[in-house]
Structure formats: structure tokens, C-alpha cells
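Visitor: structure for this input, please:
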Amino acid sequence: MSSKPVLRIDWATHEAAKYACEKWHYSRCVPMPPIVKIGVWEDEKFVGVVLFSRGASPALGAAYGLSQLECCELTRVALRDHKSPVSRIISIAIRFLKKSNEGLRLIVSFADPSHGHHGGVYQAGGWIYSGDSDEKTDFIAPDGKRLLSRQVSESGFVRQFGKMTRTPKRSECTPVHLPGKHRYLMPLDDAMRAKIAPLAKPYPKSTRVKKQDSESPSELGGAVPTDALHTPPAGAAE
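Guide: Have a look, this model is predicted:
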């Protein structure tokens with residue numbers, strides 16, 4: 001029987017976060033900044049990152065009466081082969097996040113059923129399931145690139161980062177209709193827990209387990225990070 005690994009949680013560099021997302025997360029990309037990047041090491045070996053950000057919607061916390069500074073989204077859990085349960089990794093990362101972000105009251109995360117996820121790691125961690133987000137439509141551009149609905153327009157221009165940017169016309173793209181995502185909530189104080197408790201619904205079930213939903217997912221990439229990413233900083237170990 002293998003021994004219990006020494007799990008260490010600490011800040012991650014952008015390089016480490018980018019590597020982990022591109023190698024070990026189905027999105028193959030880092031979310032939009034600002035991002036809180038938390039690294040994960042086992043026995044001094046880099047095994048991935050947990051990333052928190054403001055998410056795709058600027059009104060993420062509005063439904064709960066919260067500002068952007070009081071609510072964030074867990075946007076990536078990008079891990080290679082490891083021994084520690086994912087729910088434990090996320091739990092420690094959240095404690096690490098809270099210590100450095102006073103005033104944060106709620107974390108939201110989504111499990112995407114279109115990728116076979118039902119949110120098993122959130123269920124194991126005691127998150128509150130509050131239902132599904134709205135259905136949406138993505139678009140496949142003529143060059144094969146997948147775009148969000150806000151990234152295309154019939155005029156061929158959209159505003160991004162304060163500038164008008166040329167983009168494929170909506171009529172030139174192939175629409176891809178997607179189901180809503182399972183929404184999970186993690187309150188960070190007793191008052192917020194009491195406020196969102198009435199939103200709780202029975203956990204969704206799945207007949208199959210995807211790697212990202214597993215408590216001990218197999219390696220997704222097969223590549224090993226550079227030596228520089230293997231050395232853990234002096235962070236929180238458990």
C-alpha cells in the first residue's frame with residue numbers, strides 16, 4: 001500500500017498555471033484575469049493548480065447581493081496524476097484563498113454536463129447545489145475556432161478590452177447549443193450559508209465518472225513539468 005503523500009498548497013506562478021491548464025484541463029487555457037493562482041504539490045512534485053477568478057459574468061454575485069469583491073468563481077482544477085482526494089485539495093486551497101482575500105463571502109463553481117461532469121468533487125466537499133445555469137450557444141468559426149456568443153456579431157466587430165475587434169460574422173459560424181451547467185455554491189461565513197441554504201437542491205447524479213469529477217483522476221496530459229515547477233515554495237503543508 002502506498003504511503004500518504006505530503007500535500008503542499010501555495011501560490012503558483014502564471015507559468016505554472018498556464019502549463020497545468022494546457023496539459024491537464026479540458027479547456028486547454030487559462031481563464032481571464034484577474035486570477036488567484038494556487039499551486040498543488042505532492043512529495044515536492046508539482047501536480048497542478050486550483051484557480052479562482054471573477055468568472056465570465058461581471059454579475060456573478062449579484063443574485064446573492066454580493067459585489068465582485070465578495071464573490072468569485074472556482075474556474076479551474078487542473079491536476080495531473082496524484083494521490084490526494086480532489087475535494088481535500090480544493091478545501092485546503094479555499095482556506096488559503098480566504099486568508100489572503102478578506103471580505104470574500106462566496107465561491108461559485110460550475111460542472112459542465114456537456115463534458116460529462118456532474119460535480120462529484122463538489123458534492124464530496126459539501127458544496128450547495130443550486131440548480132443549473134441557463135442554456136447557451138457557442139459558435140464554431142470558419143477556421144474551426146470555438147467562440148463564445150459575445151465573441152461574434154453580425155457586424156463582424158465586437159468590443160473587447162475597450163477596443164473594437166474584428167471577429168467572424170455570426171451568420172458565417174456554426175452554432176453549437178449547450179445545456180446549462182450545474183451550479184455549486186460554497187459560502188465562506190455563517191450568514192452567507194444561512195442566506196443561500198434555501199437554494200439547495202438534490203445533487204445531480206451521473207452514470208459515468210469523468211476524470212475531472214473523480215476524487216483521484218488519472219493524468220490528463222502525460223507530460224512532466226519543468227524542474228523549476230517541481231520545487232514547492234514554503235507554503236501550507238498538510
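Visitor: could you use CA atoms for every contact and neighbour count after this?
Guide: OK.
Visitor: and the spatially most central residue of the chain, what are its phi and psi?
Guide: Among the residues of the chain, the one closest to the centroid is T75, at 2.2 Å (Cα atoms, centre = their mean). Phi and psi for T75, reported as degrees, to the nearest 10, are phi -100, psi -20.
Visitor: hang on, it packs against D112?
Guide: No - counting by Cα atoms under 8 Å, D112 is not a contact partner of T75; they are 11.6 Å apart.
Visitor: neighbours around D138, how many?
Guide: 18 (other Cα atoms under 10 Å).
Visitor: run through who's touching the helix or strand that contains it.
Guide: Remark: D138 resides in strand 136-140, with elements defined by DSSP states H and E. With Cα atoms under 8 Å, 6 or more residues apart in numbering as the test, strand 136-140 has contacts from 146-149, 152, 170, 173-180.
Visitor: returning to what we had before: residue contacts, the residue nearest to the centre of the chain?
Guide: 31, 50-53, 55, 109-110.
Visitor: send me the helix or strand Q123 falls within as CSV with only the CA atoms.
Guide: Assigned by DSSP H and E, Q123 belongs to helix 120-124. What follows is helix 120-124, C-alpha atoms only, in CSV (Å, rounded to 0.1, in the frame of the first residue of the first chain):
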residue,chain,number,x,y,z
GLY,A,120,-18.8,14.9,-7.9
VAL,A,121,-15.8,16.7,-6.3
TYR,A,122,-18.1,19.5,-5.1
GLN,A,123,-20.6,17.0,-3.7
ALA,A,124,-17.8,15.3,-1.8
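Visitor: which neighbouring elements make contact with it?
Guide: With contacts defined as 3 or more Cα pairs under 8 Å, 6 or more residues apart in numbering; DSSP states H and E, helix 120-124 has these neighbours: helix 86-100.
Visitor: now do the buried residues in the helix it packs on.
Guide: Neighbour-count burial for helix 86-100 flags 86-87, 89-90, 92-94, 96-97 (criterion: 16 or more other Cα atoms under 10 Å).
Visitor: please render the residues you listed as CSV that adds distance to K195 to the earlier fields.
Guide: As requested, those are exported to CSV (distance: Cα to Cα, whole Å):
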residue, distance to K195
V86, 27
S87, 23
I89, 26
I90, 23
I92, 24
A93, 23
I94, 20
F96, 24
L97, 21
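Visitor: how about those residues, which pair is most distant?
Guide: V86 and L97 (16.2 Å; Cα to Cα).
Visitor: where does pLDDT dip in the chain?
Guide: Along the chain, segments meeting pLDDT under 70 span 1-2, 161, 207-238.
Visitor: can I see the domain layout of it?
Guide: 7-132+180-237, 136-178 (automatic domain parsing).
Visitor: show me how far the shortest one is from its chain's centre.
Guide: Averaged C-alpha coordinates place domain 136-178 at 23 Å from its chain's average position (Cα atoms, centre = their mean, to the nearest Å).
Visitor: what's the answer for the first one, then?
Guide: Remark: domain 7-132+180-237 is offset 5 Å from the chain centroid, using Cα atoms, centre = their mean.
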